[in-house]
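Enquirer: Quick one, structure for this:
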Amino acid sequence: MTRFEDLPYRPCVGMMVLNREGRAFVGRRVNGPEHVDATHAWQMPQGGVDEGEDPYLAALRELYEETSIRSVEKIGEIPDWLHYDIPREIVGQAWKGRYRGQKQKWYAFRFTGDPREIDIANPGGGHHKPEFVEWRWERLEDLPGLIIPFKRGVYEKVVAAFAPLAKSGS
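Expert: Presented below is the predicted three-dimensional model:
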């Protein structure tokens, strides 16, 4: 078995979708390999980058596949990849034991559509089970406290990077 330290990070994208009031979309997950704590089940949309796929295009694809959202404009991007490790005790369960965590490329989007576009029960793409069972718009400063603790450091960096975009409304 490969040592934890030698496992690679899974390439992933994360999306902060801001409404006109500067609040971020969050969804509540009910399952998944990383969700070992039902108390911290809320997260922003995120998903894997396919081999050879451009991260920005992956972000648009994943956003649609999880929320049905297409009406967005890109307003920000964190230039570096952010990393987190999953707890060692779930390595064998998450992603078939192939990764030690994720490296994430984060984008900020302004939602420009009608809220009726958001459909987590029947997400776009047609081939995925719903990722979320409910959703809401959340204040940015509350986001790190909603996420599973081992992702909290990434969320703190994302909030710090994108907070000026939420305040400016642009």
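
Enquirer: So which residues of the chain form helices?
Expert: Counting by DSSP state H, the chain forms helices over residues 55-67, 143-146, 152-168, given from the N-terminal end onward.

Enquirer: tell me the most buried of these?
Expert: Using mean count of other CB atoms under 10 Å, the stretch among the helices of the chain with the largest mean neighbour count is helix 55-67, at a mean of 20. All C-beta atoms are positioned from the backbone trio N, CA, C, and that covers glycine.

Enquirer: looking just at contacts, which helices and strands does that helix meet?
Expert: Contacts of helix 55-67 with other secondary structure elements, assessed using 3 or more CB pairs under 8 Å, 6 or more residues apart in numbering; DSSP states H and E, are made with strand 9-18, strand 24-28, strand 46-48, strand 72-77, strand 101-111.

Enquirer: Would you tell me which of the helices of the chain gets closest to K129?
Expert: For the helices of the chain, proximity to K129 was assessed by CB to CB; helix 55-67 is nearest, at 10.5 Å.

Enquirer: Let me see the residues that make contact with the closest one.
Expert: Helix 55-67 is contacted by residues 11, 13-15, 17, 25, 27, 45-50, 53, 69-70, 72, 74, 77, 105, 107, 109, 118-120, 123-125, 128, 131-132, 135 when judged by CB atoms under 8 Å, 6 or more residues apart in numbering.

Enquirer: Give me the angle between that helix and strand 9-18.
Expert: Inter-element angle recorded for helix 55-67 and strand 9-18: 70 degrees (by axes from the mean of the first three to the mean of the last three CA atoms, to 10 degrees).

Enquirer: so how far is helix 55-67 from its chain's centroid?
Expert: 10 Å (CA atoms, centre = their mean, to the nearest Å).

Enquirer: Pull out the CA atoms of it and give them to me as CSV.
Expert: The C-alpha atoms that make up helix 55-67 are tabulated as CSV, following Å, rounded to 0.1, in the frame of the first residue of the first chain:
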residue,chain,number,x,y,z
PRO,A,55,-9.9,24.0,-15.0
TYR,A,56,-12.1,27.0,-15.9
LEU,A,57,-14.2,24.9,-18.2
ALA,A,58,-14.3,22.2,-15.5
ALA,A,59,-15.7,24.8,-13.1
LEU,A,60,-18.5,25.7,-15.5
ARG,A,61,-19.3,22.0,-16.1
GLU,A,62,-19.3,21.1,-12.4
LEU,A,63,-21.4,24.1,-11.5
TYR,A,64,-24.0,23.1,-14.0
GLU,A,65,-23.8,19.4,-13.0
GLU,A,66,-24.4,20.2,-9.3
THR,A,67,-26.8,23.2,-9.5
